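Visitor: Sequence and computational prediction follow.
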Amino acid sequence: MSAEIRTFLCRSDNVGVLLRDSRTGACAAIDVPEAGPVLRALGETGWRLTDILVTHRHIDHIEGIPEVRRTTGARLTAPARAREAVPDADTYVGEGDRVRVGDLEAEVWETPGHCLDHVTYHFAEAGLAFAGDTLFTLGCGRVMESPPETLWHSLRRFEGLPGATQIFSGHDYVLSNARFALAAEPGNAALRARAAEAERAQAEGRFLVPSTLEQERATNPFLRSGEAALAESVNMPAGTDPETVFVALRAWKNRF
């Protein structure tokens, strides 16, 4: 089973993604932050859009959907909890539902925290997770509609995935996330190398999306809140419950 992927920037920092099943030619856009870049990517690749998979209802992830649907006729799949904001979807999904893009199959995870309707599309066989604004390269989403513990529990779902799983986030916040991560864990050599890689990527017109879960485990402070250095960074003793450390880290990031 072969998945082809094209990533590109939309708006100022949204990451647009096209996912194509090379055997059947089926192709999905993960969110449509802006119509123009998605349609250009389709033109450049020659791919035919068959599906749109929405991760959550925020306007910077759905604004381009009407124009892209008019142009392509793509089927629209959206979170059931986003029905009011995305009223014309062909399919609404929730926890445990299955979504197909040709022969590629994803399980839907409900991953609230950034917002209550947020879902992640996990294509286990292809080794891909489209995490929207839940898990970022070197960071995590801002908590907007729930206690931070809700996002913590959503992030923990990623821990059991294979390290090679590619994580596609909804924004390129890598440099700002790297600055915070270095403030929280300056002694992390892998993090220092990753931050330097992010600087090089920007200079070359690239961005570090996707990342891999293995890379995030080694460098992302919000997945490392069980480490003594992260507890100490928020003035807590080593051995403090990782969830408590996470909450403090997320509050610090809000002020950073």
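Guide: Okay, I see it. Numbers count the residues shown, from 1 in each chain.
Visitor: and residue 40, how many neighbours?
Guide: 12 (other Cβ atoms under 10 Å). The C-beta positions use only the backbone N, C-alpha and C, and glycine is treated the same way.
Visitor: Residue 224 now?
Guide: Using other Cβ under 10 Å, residue 224 has 22 neighbouring residues.
Visitor: Excluding covalently adjacent residues, which one is nearest to it?
Guide: Nearest residue to residue 224 in three dimensions, chain neighbours excluded: residue 230, at 5.5 Å (Cβ to Cβ, 6 or more residues apart in numbering).
Visitor: quick one: the one you found and residue 97, what's the gap?
Guide: According to Cβ to Cβ, to the nearest Å, residue 230 and residue 97 sit 34 Å apart.
Visitor: And these two? Which one has more around it.
Guide: Neighbour comparison, residue 230 and residue 97: the larger count goes to residue 230, with 25 against 18 (by other Cβ under 10 Å).
Visitor: Please look at the more buried one and residue 222 and confirm they touch.
Guide: No - at 9.0 Å, residue 230 does not count as touching residue 222 under the criterion of Cβ atoms under 8 Å.
Visitor: which neighbours do the two share?
Guide: Common neighbours of residue 230 and residue 222 (criterion: Cβ atoms under 8 Å, 6 or more residues apart in numbering): residue 249.
Visitor: Would you map the helices across the protein?
Guide: For the chain, the helices defined by DSSP state H cover 35-45, 59-62, 65-72, 148-156, 174-184, 189-203, 213-219, 228-233, 242-255.
Visitor: how about residue 52, what does it touch?
Guide: The neighbours of residue 52, taking Cβ under 8 Å, 6+ apart as the test, are 28-29, 31-32, 65, 68-69, 74-77.
Visitor: On the pLDDT front, check the residue nearest to residue 224 for me.
Guide: Model confidence at residue 230, given as pLDDT, is 98.
Visitor: who's in contact with it?
Guide: By Cβ under 8 Å, 6+ apart, the residues touching residue 230 are 184-185, 221, 224, 245, 249.
Visitor: Select, from those residues, the two members most distant in space.
Guide: Spatially, the most separated pair among these is 185 and 245, at 11.6 Å (Cβ to Cβ).
Visitor: Quick check: closest non-adjacent residue to the residue nearest in space to the middle of the chain.
Guide: By Cα atoms, centre = their mean, the mean C-alpha position of the chain lies nearest to residue 169, the distance being 2.4 Å. Spatial nearest neighbour of residue 169, excluding adjacent residues (Cβ to Cβ, 6+ apart): residue 136 at 4.3 Å.
Visitor: The residue nearest to the centre of the chain and residue 158: what is the separation?
Guide: In terms of Cβ to Cβ, residue 169 sits 11 Å off from residue 158.
Visitor: What of residue 221?
Guide: Using Cβ to Cβ, we find residue 221 at a distance of 14 Å from residue 158.
Visitor: Compare those two and say which one has the larger neighbour count.
Guide: A count of neighbours by other Cβ under 10 Å puts residue 221 above the other of residue 221 and residue 158, at 29 against 22.
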